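*Asks:* here's my sequence, what's the structure:
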Amino acid sequence: MRRMLFPALVLAATPALAAEDDAQVWLAQQSFLNLNQDLVLFTDVQLRLTDDAQRAGQAIVRGALGVKLDRSTTVWGGYGYIRSDPLGGRVSHEHRVFEQVTWRAFGDGAGNGTTRPTLTGRTRLEQRLVDGQGGTGWRLRQLVRLDVPLGKPGTPQAVVWAEPFVGLNRTGWGQKSGFDQLRGFAGVALPVGRGISVEAGYSGQYVSRPAREDRMNHIASLSLMIRR
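*Replies:* The predicted model follows:
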């Protein structure tokens, strides 16, 4: 458990390096739906309350189609729409095309139906376009996640993950090349039905900003997960 909490503790301590911080609430509903033995549909809808969780600063709608290479590896192609409304700034409309690979390093992939720890990863390459702006931003994201059962099958699981973002080029609308941000999460997954769980916990987001002081967001995260 100490190892699981380490990424979250690092993120919680990061504000000492940042001049700005914010309290936020992120709400999400994600679904992984098996269409047949080879194809998987992914959907993702998010609302992020920013600026001390007093306003809707960002909304995301995302979808992807995955092809299973084997029991532990899936390749995906997808699209996401992101509407951002920063306080004191302009509303932006971003379109992201992405390709990704998800993989399982160990564990049986049975979700909350197992008693074994599971380590998974997601490698995502994004092509980012912003309405009214020229240039495509290429960005790489690497998620690593550990799920540890806290009891017998069907009981809650401890969840921890970390995801660094790296910009691969610079754009005129604001993406820089190099380290972009780091996200981490520590919490629990609570099963509420067959293939349905609620994930709740603390998420930290450290954002590197080229023209301003870096930013640290402290996030209360709540997600409804459906796997069928």
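
*Asks:* show me what counts as buried in the helix or strand where S197 lies.
*Replies:* Per DSSP states H and E, S197 falls inside strand 196-207. Across strand 196-207, burial judged by 16 or more other C-beta atoms under 10 Å covers S197, E199, G201, S203, G204, Q205, Y206, V207. All C-beta spots, glycine's among them, are computed from the backbone N, C-alpha and C.

*Asks:* among those, which pair sits farthest apart?
*Replies:* Maximum pairwise distance among the buried residues of strand 196-207 (C-beta to C-beta): 28.3 Å, between S197 and V207.

*Asks:* residue ranges with poor pLDDT in the protein?
*Replies:* Within the chain, the ranges that satisfy pLDDT under 70 run 1-19, 110-112.

*Asks:* so where do the strands sit in it?
*Replies:* Under the criterion DSSP state E, the chain contains strands at 20-34, 39-50, 55-68, 73-84, 92-106, 118-130, 137-149, 157-167, 178-193, 196-207, 215-227.

*Asks:* for the third one, packing partners?
*Replies:* Using 3 or more C-beta pairs under 8 Å, 6 or more residues apart in numbering; DSSP states H and E as the contact criterion, the secondary-structure elements in contact with strand 55-68 are strand 39-50, strand 73-84, strand 92-106.

*Asks:* render the CA-only coordinates of that strand in PDB, please.
*Replies:* The C-alpha trace of strand 55-68 is given here as PDB (Å, rounded to 0.1, in the frame of the first residue of the first chain):
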ATOM      1  CA  ARG A  55     -17.700  26.800 -12.700                       C
ATOM      2  CA  ALA A  56     -17.700  24.300 -15.600                       C
ATOM      3  CA  GLY A  57     -14.200  24.900 -17.000                       C
ATOM      4  CA  GLN A  58     -14.000  22.000 -19.300                       C
ATOM      5  CA  ALA A  59     -16.200  19.400 -21.000                       C
ATOM      6  CA  ILE A  60     -14.900  16.300 -22.900                       C
ATOM      7  CA  VAL A  61     -16.700  13.800 -25.200                       C
ATOM      8  CA  ARG A  62     -14.500  11.000 -26.500                       C
ATOM      9  CA  GLY A  63     -14.900   7.700 -28.300                       C
ATOM     10  CA  ALA A  64     -12.700   5.000 -29.700                       C
ATOM     11  CA  LEU A  65     -12.900   1.600 -31.400                       C
ATOM     12  CA  GLY A  66     -10.400  -1.100 -30.300                       C
ATOM     13  CA  VAL A  67      -9.200  -4.300 -31.900                       C
ATOM     14  CA  LYS A  68      -8.000  -7.000 -29.600                       C
END
